[in-house]
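K.L.:
Based on what follows, work out the 3D shape:
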Amino acid sequence: MFKIKSVLFLAFITSLTFYGQTQVKEYSFGDGFRFTAKDSTLGVKVSARFQTLFLGNWSIHNDDFSDVGQFNSNFLIRRARLKFDGFAYSPKLTYKVELGLSNRDLNHGGPEYYGEGGNLVLDAYLKWNFFKAFSIKAGQFKLPGNRERIVSSANMQFVDRSALNSKFTLDRDIGASLHYDKVLGKQFGLHLTAALSQGEGRNVTMGNLGGYKSSFKLEIMPFGAFAKKGAYIGADIYREQKPKLALAFMFDINGKAVRSRGNRGEFLSTDAIYKDLYTGFIDFMFKYKGFSAMGEYAIRRTADNNRSLVDAEGNSVGAYDFGSAINLQAGYLFKSNYEIAARFTEVSSIPGFSGSPNQIYYTLAASKYIKNHSLKIQTDVSYIENRFFDDALQWRVQIEFGF
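P.N.:
Next up is the predicted model:
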């Protein structure tokens, strides 16, 4: 806790010092505080946000609505974030530093893997547009994975991301990525990304126990770019006046993965003979005049399609968490900035079982966007159909504020 307070105090003092040497640009609620050095060699945007969440859960015994019980609930600060981004020396050299301050952000797997420090840093990278449509990024950042994960948690259409994301996302890692972003013809957008990262996840200090992680992504926008990067913003906040579509394909190889979900999940036994873990995604985003729809498919496998891990003597010492999932969601934003949305998520996380999937989520949501995603209140209700244990009912209410 002392280290976190020290970081925040240093950030505050640095901001005050920088303020006296810069020009302050006009501020609009939700856009962050913007500063530019008097010689225009440095630009900084400072922003912060938090989410206050109420969560209630009920179990439904034997799938019978007349036998609902075991209610539990809690309030929590779901997320609290502090972000700095901008450019240095040239607008072609940009940076981002984002810190996670809530307990949910700071939890980690212990000092054995993360050292004595906390799990404070979310993003810390430089990105250089070194030649025409080519850019390179280095540091800790979100990998080019599923769309739902790349959408900031500040810009979600529902209270939180789906079960597909929680089980299959590539999340963040430390490494480098190469980007190619080009408009072909009058409007056809082509975006290619290739990343090489350590493969153990964010803030890990133990070194590389397994192999490296290679991630590849192809995305097209045949009808042109979305308004204000809306391909990665939940809901049609900016009301596209023409149909807009983004379609993406991703493939990831986590060489000799040491965690149950590649660069996420529990750390596996060091006695295990690790395997390469393969993850694939297909997703889309569509928006038009207040209507939005998003879909994702995810799959994770090993080459031998066997999740079990053994040691040199053939003893079972762990297993990978993989399978497949699909997520479909759609919503309509009224001119009053109220939105209704629905989501269907199906997860089959254990291979080798036939028939119905492990879990199916049916979710209905309502949102009021007071100032776009910077000030909003959202609620959703989910019925969770579980194959191996009792079904569940979940209700969430969340308020988000950011500047």
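K.L.:
contacting residues for residue 300?
P.N.:
The contact partners of residue 300, by Cβ atoms under 8 Å, 6 or more residues apart in numbering, come to 168, 261-262, 277-280, 320-324. Quick note: C-beta positions are derived from backbone N, CA and C, even for glycine.
K.L.:
Pick out whichever of these sits closest to residue 252.
P.N.:
Nearest to residue 252, judged by Cβ to Cβ, of the contacts of residue 300 is residue 279 at 4.3 Å.
K.L.:
now, which of the contacts of residue 300 lie within helices?
P.N.:
Mapping the contacts of residue 300 onto helices (DSSP state H) picks out residue 168.
K.L.:
how about the contacts of residue 300 in JSON lines, adding pLDDT and neighbour count?
P.N.:
Supplementary listing: the contacts of residue 300 in JSON lines, determined by pLDDT from 0 to 100; neighbours: other Cβ atoms under 10 Å:
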{"residue": "168", "pLDDT": "96", "neighbour count": "33"}
{"residue": "261", "pLDDT": "92", "neighbour count": "23"}
{"residue": "262", "pLDDT": "92", "neighbour count": "31"}
{"residue": "277", "pLDDT": "97", "neighbour count": "29"}
{"residue": "278", "pLDDT": "97", "neighbour count": "17"}
{"residue": "279", "pLDDT": "98", "neighbour count": "25"}
{"residue": "280", "pLDDT": "98", "neighbour count": "16"}
{"residue": "320", "pLDDT": "94", "neighbour count": "25"}
{"residue": "321", "pLDDT": "90", "neighbour count": "18"}
{"residue": "322", "pLDDT": "85", "neighbour count": "24"}
{"residue": "323", "pLDDT": "92", "neighbour count": "21"}
{"residue": "324", "pLDDT": "95", "neighbour count": "19"}
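K.L.:
would JSON lines of the contacts of residue 300 with distance to residue 222 be doable?
P.N.:
Below are these laid out as JSON lines (distance: Cβ to Cβ, whole Å):
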{"residue": "168", "distance to residue 222": "26"}
{"residue": "261", "distance to residue 222": "33"}
{"residue": "262", "distance to residue 222": "31"}
{"residue": "277", "distance to residue 222": "32"}
{"residue": "278", "distance to residue 222": "28"}
{"residue": "279", "distance to residue 222": "26"}
{"residue": "280", "distance to residue 222": "22"}
{"residue": "320", "distance to residue 222": "36"}
{"residue": "321", "distance to residue 222": "35"}
{"residue": "322", "distance to residue 222": "32"}
{"residue": "323", "distance to residue 222": "31"}
{"residue": "324", "distance to residue 222": "27"}
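K.L.:
what residues are up against residue 283?
P.N.:
Going by Cβ under 8 Å, 6+ apart, residue 283 touches 146-148, 247-248, 250, 294-297.
K.L.:
quick check, nearest of these to residue 176?
P.N.:
Of these, the one sitting nearest to residue 176 (Cβ to Cβ) turns out to be residue 250, at 17.3 Å.
K.L.:
wait, that closest one sits on residue 280?
P.N.:
Yes - if you go by Cβ atoms under 8 Å, residue 250 and residue 280 touch, sitting 6.6 Å apart.
K.L.:
neighbours around the closest residue to residue 69 other than its chain neighbours, how many?
P.N.:
If the residues on either side of it in the chain are set aside, residue 69 comes closest to residue 59, at 6.1 Å by Cβ to Cβ, 6 or more residues apart in numbering. As a burial measure, residue 59 scores 17 neighbours (other Cβ atoms under 10 Å).
K.L.:
do residue 62 as well
P.N.:
8.
K.L.:
cool, residue 303 as well?
P.N.:
9.
K.L.:
wait, what's in contact with it?
P.N.:
For residue 303, the contacting residues are 275-276, 278, by Cβ under 8 Å, 6+ apart.
K.L.:
That one and residue 91, how far apart?
P.N.:
Distance, residue 303 to residue 91, by Cβ to Cβ, to the nearest Å: 44 Å.
K.L.:
Then residue 290?
P.N.:
Relative to residue 91, and taking Cβ to Cβ, residue 290 is found at 33 Å.
K.L.:
What of residue 211?
P.N.:
Residue 211 is 36 Å from residue 91, by Cβ to Cβ.
K.L.:
Between these two, which has more neighbouring residues?
P.N.:
Per other Cβ under 10 Å, whichever of residue 211 and residue 91 has more neighbours is residue 211, with 17 against 11.
K.L.:
so that one sits right up against residue 200, yeah?
P.N.:
No - assessed by Cβ under 8 Å, residue 211 is found out of contact with residue 200, at 10.2 Å.
K.L.:
Mutual contacts of the two, please.
P.N.:
By Cβ under 8 Å, 6+ apart, no residue touches both residue 211 and residue 200.
K.L.:
contacts for the host helix or strand of residue 362?
P.N.:
Secondary structure assignment for residue 362, by DSSP states H and E: strand 359-371. The set of residues external to strand 359-371 that reach it, using Cβ under 8 Å, 6+ apart, is 29-30, 157-159, 162-163, 235, 237, 329, 331, 333, 337-347, 349, 375-387.
K.L.:
In ChimeraX, how would I select the buried members of the residues you listed?
P.N.:
Buried members of the contacts of strand 359-371, defined by 16 or more other Cβ atoms under 10 Å, are picked up in ChimeraX with:
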select :30,157,158,159,162,163,235,237,329,331,333,337,339,341,343,345,346,347,349,375,376,378,379,380,382,384,385
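K.L.:
what residues are up against residue 49?
P.N.:
Contacts of residue 49 (Cβ under 8 Å, 6+ apart): 79-81, 154, 374, 400-403.
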